[in-house]
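In: Sharing a model that was predicted from the sequence below.
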Amino acid sequence: MIRRLLVLSVAAAALLCAGVAVAQDAEVLEKGKAVFDAAKPACTACHNEKKNPLDKYGATGTAEDAKAWIRTPKEMLEKTGTKGMMPAYSAKKISDEDLEALAAYLVSLK
């Protein structure tokens, strides 16, 4: 009986924690989209449905690569052999916290 109560208590706590994590994830993704929409220069100037779309970034891209593209695009262009231009977004333009949220948002696009 005590063991059963303990198992049920642990299961209930796990479900409660999972619910909190999902809510936090939703908040992070919402914040990431807001960062994407508010960035200057605007991300959508070059990343839209007609050119350089990001709507499926998460199918193949990683959060670490997204952060590298945002902070050090010149190095990423060289690393990937990609042609083009992309501005670097320093911590003065996008804070580290906002960068994490933005990367999470981009990875969620599938």
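Out: Okay, I see it.

In: Can you tell me the SS state at residue 76?
Out: Following DSSP: H, G, I helix; E, B strand; the rest coil, the label given to residue 76 is helix.

In: In this structure it contacts residue 68, no?
Out: Yes - under the criterion of C-beta atoms under 8 Å, residue 76 makes contact with residue 68 at 5.3 Å. Yep, even glycine has a C-beta here, placed from its N, CA and C like the rest.

In: list the contacts for residue 99?
Out: 35, 67, 70-71, 89, 91 (C-beta atoms under 8 Å, 6 or more residues apart in numbering).

In: roughly how far is whatever helix or strand it lives in from the heart of the chain?
Out: Remark: residue 99 resides in helix 96-108, with elements defined by DSSP states H and E. Remark: helix 96-108 is offset 3 Å from the chain centroid, using C-alpha atoms, centre = their mean, to the nearest Å.

In: mind listing what's buried in that helix?
Out: Neighbour counts over helix 96-108 (16 or more other C-beta atoms under 10 Å) mark 98-107 as buried.

In: average pLDDT for it?
Out: Helix 96-108 comes out with an average pLDDT of 96.
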